[in-house]
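S.K.: here are the coordinates; sequence isn't available:
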């Protein structure tokens, strides 16, 4: 634990006394039966029981969890552990469990019909402060969301905190009744029925095909990528905390931000690192993660205030960044976390904003109400929603979404690699997809007009789609093929209404060709302003997490069918 | 001509009176027989004789040429044309021709045994001020360098300025003797014999294979890419002129720069846009340009002063760039010109420097002595050598190297495209190549040590090479294959000694594998920090200029041969 505590102390000297107390009490000693806890961490983690040394170079956010936990309730460290080697065979009423919630010194949970005192476990919980949400109630529903718990090692750890059973009086049909089990998704909003749902809890859904055909994606069909539930936040009470390198904290309410700083309006495309993962799985090999098609991407108009302005106001020298600050960490109110390099954050042309509006309306709950960070040009996973804390740090976020999930490895790597060998995805590579393929008829008046504008008299095919590249690199050319890549032409780049210092928004494109020229497969590939291109095939860029799929997008065409996607 | 003159006047009000006089005299009227002049320009150019309107939206540097010409010798515009519709049948002594040189009001040249008065042509010469180098002498040797002249239209234009023939007394064997013909390459230095020479005049040569195997390329085998000759510059007399948007000029000598500004040392890779063009030609189709292998790239340590510091000193507001300044144009003393976007120039982390040293020695003549600009992360064509003038402008350089040659078009485009439809190459895409492939033997003591460091006991193969990406995007992974891309492994990234705000230098890499694993073809592909990758094949990224070849580099392997390149 020494390293953790040292980190915590360095990040914020006020924790030093807590760390000292923790050492004195030995409350981080893990029981011998928990040796397998080690396997929860990546290869480079090591945990030495007895010596109190826990090195966490990567892995599951122990550092963040510790900080988060002590931040939220420093008092939990003051409490002596009530668990012991031989737990007494006791029963507890559910009301007693509820009394051991967030505000109690001893924090209990139930799983099934068993009761656990997890007070000592909380500071080391790899998943962070989210565990506090469960105390005083059941954890079953959270373990369903976070599948990482479904391992014998995790069950073993939990059993170490067993203190007794739920009193049979409170059971219904031998189970804890539903009303005792909090629904973490209770505040999830109603969604548009056109969204293409991949998972309901947490909610993950693609933008439907019809909504991908405009420069600005309609808010109600903007794709949704959640790792957890939607938190219920009151903008009047919610504060954004900015934590400076010396540990000092500044707080801003939404109205503070709106009052103190210039409003900025940018267009920026959000793209999930898993966009088109389903194509990679289909054309190469199976990948881990949600099997998205081409719709885990949307483009919006975002309004907010510049992160650099806020950092400056909070007392951070944005023009002369100290060497020890290399990253800006963002924490969401639901427990999600991620970070970006400091250079992006302070760059005058980086356009990182704390956004409170999407498409000129307050952010919807699904997109971070009341406040999210928008990091244009970077993978959407860095644009943390329900933003509650910003931390200036020498280190990247220790969350699994920074340290593990959003990385790419070579096509020969799978399983549990050395996660430190690949950098967290920030800027994304050039991408394109066909979003619409339709026959247009010279007999139809409206189609005829379109055909004429392309100099065509005969029946045609209209092909449309998007192209996008990270880092604000403008799309300069879109090559399209009607014969599976044998020959190419250039698509028309449709007019954009870009807002911002760089090309943060996707490029919509269109190609209209005589129907007689259509083969069996349409293909698109794009080129950005650094003349980066897309690879033709999937296999050589396959990665076991299926991130950043960018092989040429191929769509089968059948003259009898209006649309037929690959 | 109106537009040109307006532009000139806007750029520098002092030209307005010259423009006025030129209009009054009508000296820009082109004779009817010169209609074909128009075809020298791109599609969007138009030239209306009689109305004095010449629109030059793109094309062959007429604007630059005009400015350059009037800058150098405003007096040429004061002279009435001495050519006429029916030139007299006269003969001239070569001494008379010499008397009509740079300092004369009438400027003559010879081609073969004919004499031409090109006074009126100079302001419109598409190639710029370089034409002044030829006046008073022969142009034959320049037309050999600039193959663009070998067109009937150009001959027709020249014939319009015909005034007579060289006096037979001066001819030897019916030809102008060699001593009358200036050698433009007279100041070219002696070069290292290991350089792989593609052309001698102008000099173009690759870094030899052995010199590609170190992080810093030795100065004497640093690749050389010249468009013309090496100018003979005296650093004591040579001035750098900085031309501000209002036309004001500031001058700096080399010692001024060294005295006034902080010296900066960066490592930066120069890569010709044509690097590996020969591979594209071989594997796809023929391309136009020098057929480079993998050696049109080198890495150096550059010392100089920050362009942004110089611009600021000259009075340009680098922190609040006016809207009308979008580009920084660079002119070399030999006539080469190019530009970069203003954002790169003023970016604190852009590291654009005016360099006076390479590898800690004064720049060699071949690399721009005494001063060149180094634009790290961009194609080398923007790092103008023998830097003589910097201009802040709303427009890109109008040189052919900005407007035409260094662009990429789709694989379906060839011939004479609409050059405005592709942007000038600036940042370059991700690239890699194998530079060395050698058998290493477990019998050899030194090899055995190397094998052991990779955990091998048996005979091996050592594969080495470089990887590089533009924009300072670090190489994060190099994938190598010993079986033509069927399976991959990761090469070791060798330690770099990067200097600068971003990764401006290439990444050297090494892979050592058991000889038993070698197939017939080794392959390399790289990934940069934005996870951009290289395409597998050449054809779909073929472009008729053969620029930015970046398909996976394949090298054949034959166990009997130590090296065998594709």
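M.R.: Yes, it's here. Bear in mind that the values here come from a model prediction, so they are computed numbers and not experimental data.
S.K.: Residue A:432 pairs with what?
M.R.: Applying DSSP bridges to residue A:432 gives these bridge partners: residue A:467.
S.K.: That one is in contact with residue A:467, isn't it?
M.R.: Yes: checked against CB atoms under 8 Å, the pair residue A:432 and residue A:467 is within contact range at 3.9 Å. Yep, even glycine has a C-beta here, placed from its N, CA and C like the rest.
S.K.: Now for these two: what residues contact both?
M.R.: Common neighbours of residue A:432 and residue A:467 (criterion: CB atoms under 8 Å, 6 or more residues apart in numbering or on different chains): A:475, A:478, A:509, A:524, A:526.
S.K.: Which one of the residues you listed sits in the busiest neighbourhood?
M.R.: Ranked by the number of neighbours (other CB atoms under 10 Å in any protein chain shown), the shared contacts of residue A:432 and residue A:467 place residue A:526 first, at 30 neighbours.
S.K.: so does the helix or strand hosting that residue get close to chain B?
M.R.: For residue A:526, the element it lies in under DSSP states H and E is strand A:521-528. Yes: shown here: strand A:521-528 in contact with chain B (CB under 8 Å from any CB of the partner chain) through A:525, A:527.
S.K.: Helices of the stretch 201-350 of chain A, residue ranges please.
M.R.: Under the criterion DSSP state H, counting those that start in this stretch, the stretch 201-350 of chain A contains helices at A:254-260, A:277-283, A:307-313, A:342-346.
S.K.: Name the residues of the first one that come out as buried.
M.R.: By that I understand helix A:254-260. A:254, A:256-257 (16 or more other CB atoms under 10 Å in any protein chain shown).
S.K.: avg pLDDT for that helix?
M.R.: Taken as a whole, helix A:254-260 has an average pLDDT of 98.
S.K.: before we move on, back to that, which other helices and strands contact the strand holding residue A:526?
M.R.: Counting contacts by 3 or more CB pairs under 8 Å, 6 or more residues apart in numbering or on different chains; DSSP states H and E, strand A:521-528 packs against strand A:431-440, strand A:460-468, strand A:475-481, strand A:553-556.
S.K.: What residue in the stretch 151-300 of chain A comes nearest to chain B?
M.R.: Using CB to the nearest CB, residue A:273 is the residue of the stretch 151-300 of chain A that sits closest to chain B, at 9.2 Å.
S.K.: Look at the residue positioned nearest the centre of chain A and report its pLDDT.
M.R.: Closest to where the C-alpha atoms of chain A average out (CA atoms, centre = their mean) is residue A:381, at 3.8 Å. On pLDDT, residue A:381 comes in at 98.
S.K.: Wait, it touches residue A:337, no?
M.R.: No: with contact defined as CB under 8 Å, residue A:381 does not reach residue A:337; the gap is 10.4 Å.
S.K.: what do these two both touch?
M.R.: residue A:401.
S.K.: circling back: any chance of the helices and strands packed on strand A:521-528 in TSV with mean pLDDT as columns?
M.R.: Rendered in TSV, the data for the helices and strands packed on strand A:521-528 read as follows (pLDDT from 0 to 100):
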stretch	mean pLDDT
strand A:431-440	96
strand A:460-468	97
strand A:475-481	98
strand A:553-556	96
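S.K.: Can you tell me which of the ones you listed is nearest to residue A:325?
M.R.: For the helices and strands packed on strand A:521-528, proximity to residue A:325 was assessed by CB to CB; strand A:460-468 is nearest, at 29.9 Å.
S.K.: and the closest one, what does it pack onto?
M.R.: Using 3+ CB pairs under 8 Å, 6+ apart, the elements in contact with strand A:460-468 are strand A:297-306, strand A:431-440, helix A:445-453, strand A:475-481, strand A:507-514, strand A:521-528.
S.K.: mind redoing it with 6 Å?
M.R.: Secondary-structure packing of strand A:460-468 (3 or more CB pairs under 6 Å, 6 or more residues apart in numbering or on different chains; DSSP states H and E): strand A:431-440, strand A:507-514, strand A:521-528.
S.K.: Flag every buried residue along the last one.
M.R.: Applying a neighbour-count criterion of 16+ other CB under 10 Å, the buried positions in strand A:521-528 are A:521-528.
S.K.: ok, residue A:138 touching residue A:183?
M.R.: No: in this structure, residue A:138 is not within contact of residue A:183 by CB atoms under 6 Å, at 10.4 Å.
S.K.: which of these two has more neighbours?
M.R.: Each of residue A:138 and residue A:183 has its neighbours counted (other CB under 10 Å); residue A:138 has more, 20 against 11.
S.K.: Identify all residues paired with the more buried one through a beta bridge.
M.R.: residue A:110.
S.K.: thought residue A:498 was touching residue A:505?
M.R.: Yes: using CB under 6 Å, residue A:498 makes contact with residue A:505 at a distance of 5.4 Å.
S.K.: which non-adjacent residue is nearest residue A:168?
M.R.: Distances taken as CB to CB, 6 or more residues apart in numbering or on different chains place residue A:91 nearest to residue A:168, at 7.2 Å, with adjacent residues excluded.
S.K.: can you pull up the bridge partners for that neighbour?
M.R.: Beta-bridge partners, per DSSP bridges, of residue A:91: residue A:165.
S.K.: Quick one: residues contacting it.
M.R.: Residue A:91 sits next to A:164-165, A:167 when contact means CB atoms under 6 Å, 6 or more residues apart in numbering or on different chains.
S.K.: switch the cut-off to 8 Å
M.R.: Counted by CB under 8 Å, 6+ apart, residue A:91 has contacts A:164-168.
S.K.: Wait, residue A:462 touches residue A:435, no?
M.R.: No: counting by CB under 8 Å, residue A:435 is not a contact partner of residue A:462; they are 11.4 Å apart.
S.K.: Could you check how far the nearest residue to residue A:519 once chain neighbours are set aside is from residue A:343?
M.R.: Of all residues not flanking residue A:519 in the chain, residue A:483 sits nearest, at 3.8 Å (CB to CB, 6+ apart). Distance check for residue A:483 against residue A:343: by CB to CB, to the nearest Å, it reads 44 Å.
S.K.: And for residue A:507?
M.R.: Taken as CB to CB, the span from residue A:507 to residue A:343 is 25 Å.
S.K.: Who has more neighbours out of those two?
M.R.: Looking at residue A:507 and residue A:343 with other CB under 10 Å, you find the greater number of neighbours at residue A:507, namely 26 against 16.
S.K.: Quick one: residues contacting the residue nearest to that one when sequence neighbours are not counted.
M.R.: Excluding its sequence neighbours, the residue lying closest to residue A:507 (CB to CB, 6+ apart) is residue A:475, at 3.8 Å. Residues near residue A:475 by CB under 8 Å, 6+ apart: A:430, A:432, A:467-469, A:493, A:503, A:506-507, A:526-529.
S.K.: Dig out what residue A:475 forms beta bridges with.
M.R.: residue A:528.
S.K.: Distance of it relative to residue A:436?
M.R.: 18 Å.
S.K.: Please apply the same query to residue A:424.
M.R.: For residue A:424 relative to residue A:436 (CB to CB), the value is 33 Å.
S.K.: what does residue A:524 give?
M.R.: 12 Å.
S.K.: Now do the shared contacts for these two.
M.R.: A:463, A:465.
S.K.: ok, back up a step: residue A:424 and residue A:436: who's more crowded?
M.R.: Ranked by neighbour count (other CB under 10 Å), residue A:424 and residue A:436 place residue A:424 first, with 25 against 17.
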